[in-house]
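Asker: With the sequence up front, the predicted model follows.
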Amino acid sequence: MEKEGKVLPLTSWKLDRLIEAASDLKILEKDVKDFSKVVRGYRNYIHPNEQVKNKFSPKMETVELSLKVFDMALNQVNKFIEQKNT
């Protein structure tokens, strides 16, 4: 992520840019990238006020699906790190 031609520290990157960068670097595969973008849209529902405001409460299956996508992404990141260390 750039600001005025400078690369921001990683801690300043937004989640969508992190997902894009990981995909560009072939860390995340297309399926995980695509599902991650959908899950990213649901992450604010962790806050009860967001649930009330949007009249939506995630079901347990939605939470489990989100965790599965996170697990897949984590596995792909770990695989990338292991390959770089060999």
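Answerer: On my side now, so go ahead.

Asker: So, low pLDDT: which residues of the chain?
Answerer: Along the chain, segments meeting pLDDT under 70 span 1-3.

Asker: give me the element the most centrally placed residue in it is part of.
Answerer: Here the mean C-alpha position of the chain is nearest to the C-alpha of S36 (Cα atoms, centre = their mean), at a distance of 4.8 Å. Element membership of S36, judged by DSSP states H and E, is helix 30-42.

Asker: residue boundaries of the strands in the chain?
Answerer: 2-3, 6-7 (DSSP state E).

Asker: What angle do helix 30-42 and the longest helix seen in the chain make with each other?
Answerer: In the chain, assigned by DSSP state H, the helix with the most residues is helix 60-84. Angle of helix 60-84 versus helix 30-42, following axes from the mean of the first three to the mean of the last three Cα atoms, to 10 degrees, is 130 degrees.

Asker: Check which residues of helix 60-84 are buried.
Answerer: Residues of helix 60-84 classed as buried under the neighbour-count rule (16 or more other Cβ atoms under 10 Å) are L65, S66, V69, M72, A73, Q76. In short, each C-beta sits where N, CA and C put it, glycine included.

Asker: Check which helices and strands it sits against.
Answerer: Packing partners of helix 60-84 (3 or more Cβ pairs under 8 Å, 6 or more residues apart in numbering; DSSP states H and E): helix 30-42.

Asker: which residues sit against the helix it packs on?
Answerer: 15-16, 19-20, 22-23, 28, 58, 62, 65-66, 69-70, 72-73, 76 (Cβ atoms under 8 Å, 6 or more residues apart in numbering).

Asker: do that again at 7 Å, thanks
Answerer: Applying Cβ atoms under 7 Å, 6 or more residues apart in numbering, the external contacts of helix 30-42 come out as L15, D16, I19, S23, P58, T62, S66, V69, M72, A73, Q76.

Asker: Would you mind putting the buried residues of helix 60-84 into a markdown table with distance to Y45 alongside?
Answerer: What follows is the buried residues of helix 60-84, written out as a markdown table (distance: Cβ to Cβ, whole Å):
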| residue | distance to Y45 |
| --- | --- |
| L65 | 13 |
| S66 | 10 |
| V69 | 15 |
| M72 | 20 |
| A73 | 19 |
| Q76 | 24 |
